[in-house]
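>>> Sharing a sequence plus its predicted fold:
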Amino acid sequence: MDEKRIIACLDIKDGAVVKGVNFVNLKEVGDPLELGAWYEASGADELAMLDITATVEGRATFASLVEAMRAHVRMPITVGGGIKCVDDAARLFDCGASTVSVGSQAILTPALLSDLSHTFGSERIICAIDVKRTPDSRWRVVSRGGRSETSLDCIAWAREVASRGAGEILLTSMDCDGEKGGFDIALYQAVGEAVEIPITASGGAGKMEHFAEVFKETAVSAALGASIFHFREVEIATLKIFLSQCGIPMRNRT
C-alpha cells in the first residue's frame, strides 16, 4: 500500500493567509512564512501555496513570497494561482516551487496541461479541480474560486486532465470546504475509479477520524487541511501517529 501524505494549505490573498467557508467569507489567519515554518516543524509532508486572487499586478509579489518560503522550509511546495502559460510556471519553479497547480486556466485552455507536462514533466504538474454537487448528486466543475459554474462533469474532466498529462489532481469539494463535517467520500471514490493518477482530497476535514475515513474508504494519495491545522484544532504530528495506529501507512519526510 502506498504511503499517504498530509498536506497543509495556505490560501493567500494580498500576502496574508486567509480561510473561509464554501470559498466565501474569507478571514485573515496569519503570516504565511510563520505558518510555513510551523508546518515544517510539525511534520507536514507538503505545503500548498494558493494565490486565490491571482491578479496580474500581484504576480511578482506572490512569486517573491514563494521564493521567501523556499528559503524558510525544505519540504515540497505546490504553488497555484494565475498560471496562464509555460513562462508563468517556469518563473514559479525558479522561485522554488516543487510542483505547480493549474485550475481555471486549464478549463479555458486545456492544451496548457499538455504544454506544461511536456516542458516540465507530468510529475511536476497538478490540476486543481473544484466541484459542487448538483441536485441529482453528481459533481459539476466550478472555476475562479467557485465564482463561475461550468458545464463540465467532474468525472469526464478528471479523465481529460489525466489524458493531457497532469500528474496529480487536487480535488476540492466546494460544498464541504470549511464545514469540518468530513470529506465527500463518494466524490473521491468516483474520481479514483475513473483515473489512475494520484488524487489529493481537499475540503471538509474537521477531526482526525475524517482523515482516516478518506484514506481507508478511497484510493486518495494525500489529504489536505487548512483551518483545522491553522487554528491548532489538530496537530499534524499527532494526526500522523493516529493514522499509523489505524493501520494507514504514512510518509515520513526526510
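Now that the structure is in, tell me what you want to look at.
>>> Mind giving me the packing neighbours of the helix or strand harbouring Leu170?
Here Leu170 sits within strand 168-173, counting by DSSP states H and E. Packed against strand 168-173 by the contact rule (3 or more CB pairs under 8 Å, 6 or more residues apart in numbering; DSSP states H and E) you find strand 125-133, helix 154-163, helix 185-194, strand 199-202. C-betas here are computed from N, CA, C, even on glycine.
>>> Please identify the deepest-packed of those.
For the helices and strands packed on strand 168-173, the largest average neighbour count (mean count of other CB atoms under 10 Å) is found in strand 199-202, namely a mean of 26.
>>> pLDDT on that strand, on average?
Averaging pLDDT along strand 199-202 gives 98.
>>> how much distance is there from that strand to the middle of the chain?
Counting by CA atoms, centre = their mean, to the nearest Å, strand 199-202 is centred 7 Å from the centre of its parent chain.
>>> I'd like the next helix or strand past it.
Per DSSP H and E, the first helix or strand lying C-terminal to strand 199-202 is helix 208-217.
>>> What about Pro32? Give its phi and psi, please.
Note on Pro32: its backbone torsions stand at phi -60, psi -40 [degrees, to the nearest 10].
>>> Against Phe183, how distant is it?
Counting by CB to CB, to the nearest Å, the gap from Pro32 to Phe183 is 25 Å.
>>> Tabulate the helices and strands packed on strand 168-173 in CSV, adding columns for distance to Asp175.
Converted to CSV, the helices and strands packed on strand 168-173 look like this (distance: least, CB to CB, whole Å):
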stretch, distance to Asp175
strand 125-133, 5
helix 154-163, 12
helix 185-194, 9
strand 199-202, 12
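>>> So which of those is nearest Phe62?
Distance to Phe62, taken as CB to CB, is lowest for strand 125-133 among the helices and strands packed on strand 168-173, at 15.7 Å.
>>> related to what we said a few turns ago, the more surrounded of Pro32 and Phe183?
Applying other CB atoms under 10 Å to Pro32 and Phe183 shows that Phe183 carries more neighbours, namely 26 against 21.
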